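Undergrad: Whatever this is, show me its structure:
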Amino acid sequence: MKNSKIENQIATTILDQAFKIHTELGPGLLESVYERCLQYELIEAGYDAQIQVPVPMNYKSVRFEAGFRIDLLVNNKVLVEIKSIENLAPVHFSQTLTYLKMSNLKLGLLINFNNKYLKDGIHRIVNNL
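TA: The predicted model follows:
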């Protein structure tokens, strides 16, 4: 099966679970709440879902063991950046794409749970997919 197909299937499940959580909890909670709930639902669905995954990085001669943290990493294939804020800013899209590039991943989902309708807070970010 092509990698992009696998990543797209994982993304579909992530979004299905995100909609389920948003329907039950609604907007307005902390990012960490949505992160834990999404991790729980994905594990229940049979996925490997890790939260706050440290990604090492190098800058010149310095190695940072945790250059940044991925909010949610699913099956080591799909990165999820979770927000619960009034409005996404351009920096959030840039941040997600940079995280994809630095972790050598192809697909990321930027999800802002602080929307009346979750569909308005979902953004797919790709890195050479």
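
Undergrad: which SSE is the residue most central in space within the chain in?
TA: Residue closest to the mean C-alpha point of the chain, counted by Cα atoms, centre = their mean, is Val80 at 0.5 Å. Using DSSP states H and E, Val80 falls within strand 78-83.

Undergrad: helices or strands up against that strand?
TA: For strand 78-83, the packing partners by 3 or more Cβ pairs under 8 Å, 6 or more residues apart in numbering; DSSP states H and E come out as helix 3-25, helix 31-44, strand 62-74, helix 90-102, strand 107-112. Every C-beta, even on glycine, is put in place using the N, C-alpha and C of the backbone.

Undergrad: Pull the residues that contact that strand.
TA: With contacts defined as Cβ atoms under 8 Å, 6 or more residues apart in numbering, strand 78-83 is touched by 7, 10-11, 14, 31, 34-35, 38, 70-74, 92, 95-96, 99-100, 103, 105, 107-114, 121.

Undergrad: how big is the angle separating it from helix 3-25?
TA: 30 degrees (axes from the mean of the first three to the mean of the last three Cα atoms, to 10 degrees).

Undergrad: Let me see the mean pLDDT of strand 78-83.
TA: In this model, strand 78-83 has a mean pLDDT of 98.

Undergrad: Kindly export that strand (C-alpha atoms) in PDB.
TA: Output in PDB follows, covering the C-alpha atoms of strand 78-83 (Å, rounded to 0.1, in the frame of the first residue of the first chain):
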ATOM      1  CA  VAL A  78       0.900  11.600  11.000                       C
ATOM      2  CA  LEU A  79       1.700  14.600  13.100                       C
ATOM      3  CA  VAL A  80      -1.200  16.400  14.900                       C
ATOM      4  CA  GLU A  81      -0.800  20.000  16.200                       C
ATOM      5  CA  ILE A  82      -3.600  20.700  18.600                       C
ATOM      6  CA  LYS A  83      -4.800  24.200  19.400                       C
END
